[in-house]
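Trainee: Need a 3D model of the following:
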Amino acid sequence: MPDATYMLLALLTAGGITWALRALPFAVLEPMRDSELLDYLGKRMPLGIMLILTVYTLNDVELTVMASAGPAILALAVTVALHVWRRNAVLSLFAGTGIYALLASIIAAG
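Mentor: Prediction:
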């Protein structure tokens, strides 16, 4: 069994590393708070990410097969309509996902 000094040094080392890893992002980002690049990315990235996710999700949809295209198109329409109406990303994403899951399970069961 290790002695008390070894255990204390191991505990202090682990604590120091944990603290440093949690403090590092704040220390690195502080000089970049007024960066025009980060401001631009903060405004444009959410739309870009949503566009990439939409294209990736709809990539496997066969537009000629209603069982594949129907739920995806309706869920996409619900998601876009809710987001335009309420401007709430969480609501629109959950509703669109729920509609898609419900319709896909109904079509798979039938």
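
Trainee: Excluding chain neighbours, give the residue nearest to P46 in space.
Mentor: Excluding the flanking residues, the one nearest P46 by Cβ to Cβ, 6 or more residues apart in numbering is A89, at 7.9 Å. (Each C-beta comes from the backbone N, C-alpha and C, glycine too.)

Trainee: tally of neighbours for the one you found?
Mentor: As a burial measure, A89 scores 13 neighbours (other Cβ atoms under 10 Å).

Trainee: Retrieve the pLDDT associated with it.
Mentor: In this model, A89 is scored at 84, pLDDT.

Trainee: mind checking which helix or strand of this protein has the lowest mean pLDDT?
Mentor: helix 36-58 (a mean of 84; mean pLDDT, DSSP states H and E).

Trainee: Give me the helices and strands touching it, please.
Mentor: helix 66-86 (3 or more Cβ pairs under 8 Å, 6 or more residues apart in numbering; DSSP states H and E).

Trainee: What's the first helix or strand after the helix it packs on?
Mentor: helix 89-109 (DSSP states H and E).

Trainee: returning to what we had before: please tell me how far the residue nearest to P46 sits from T97.
Mentor: A89 sits 12 Å away from T97, going by Cβ to Cβ, to the nearest Å.

Trainee: before we move on, what about I17?
Mentor: Distance from I17 to T97, by Cβ to Cβ: 39 Å.

Trainee: So between these two, which is more surrounded?
Mentor: Taking other Cβ under 10 Å, I17 and T97 do not tie; T97 has more neighbours (14 against 10).

Trainee: need the contact list for that one.
Mentor: With contact set as Cβ atoms under 8 Å, 6 or more residues apart in numbering, T97 has these partners: A75.
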